[in-house]
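Engineer: Okay, predicted coordinates and the sequence, questions at the end:
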Amino acid sequence: MKPIKNLGNGRFVAHFIKHAQPDYKGTLKGGRSVVFEAKMTGDIKILQSRVTDWQLEALQKHEALGAVTFILVYFMNYNCCVKIPTNVWADMKQFFGRKYVLFKELDNFKVPTSGMRVDFLEDIIDSL
């Protein structure tokens, strides 16, 4: 972002100068790269458009290079996280018949949780 007007007290008006990148890019011990976008919704569904074309393209490029990529979605109403593979997100219309997916259709993508802990990397770490 580029600040264009100082409002004082640490506040400012700004505009974006670059496309948004995925929320996380990193490498696990053992060399496995992980790249993901995180979203949250208070609805019973998540729209495909919540991930920008630029972010989806970045995820797909990393995946083509061997990274594990996905969209992590927290459904507030259900206090539950799901991890949707990038290819499923990109082809949502093919997988779900429309450009959004309902929480009830995501049983196969639920992430194990224990209290406040969300184990969304457990399967990747186990495969190393």
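Structural biologist: Looks like it arrived, so ask away.
Engineer: And the helices in the chain, which stretches?
Structural biologist: For the chain, the helices defined by DSSP state H occupy 53-64, 86-90, 92-96, 122-126.
Engineer: So which of these is nearest Leu28?
Structural biologist: When the helices of the chain are compared by CB to CB, helix 122-126 sits nearest Leu28, at 6.6 Å. Yep, even glycine has a C-beta here, placed from its N, CA and C like the rest.
Engineer: Which elements pack onto the closest one?
Structural biologist: On a contact count with 3 or more CB pairs under 8 Å, 6 or more residues apart in numbering; DSSP states H and E, helix 122-126 meets no helix or strand.
Engineer: distance of Asn87 from Leu59?
Structural biologist: Separation of Asn87 from Leu59 (CB to CB, to the nearest Å): 10 Å.
Engineer: Kindly report the same for Thr113.
Structural biologist: Thr113 sits 23 Å away from Leu59, taking CB to CB as the criterion.
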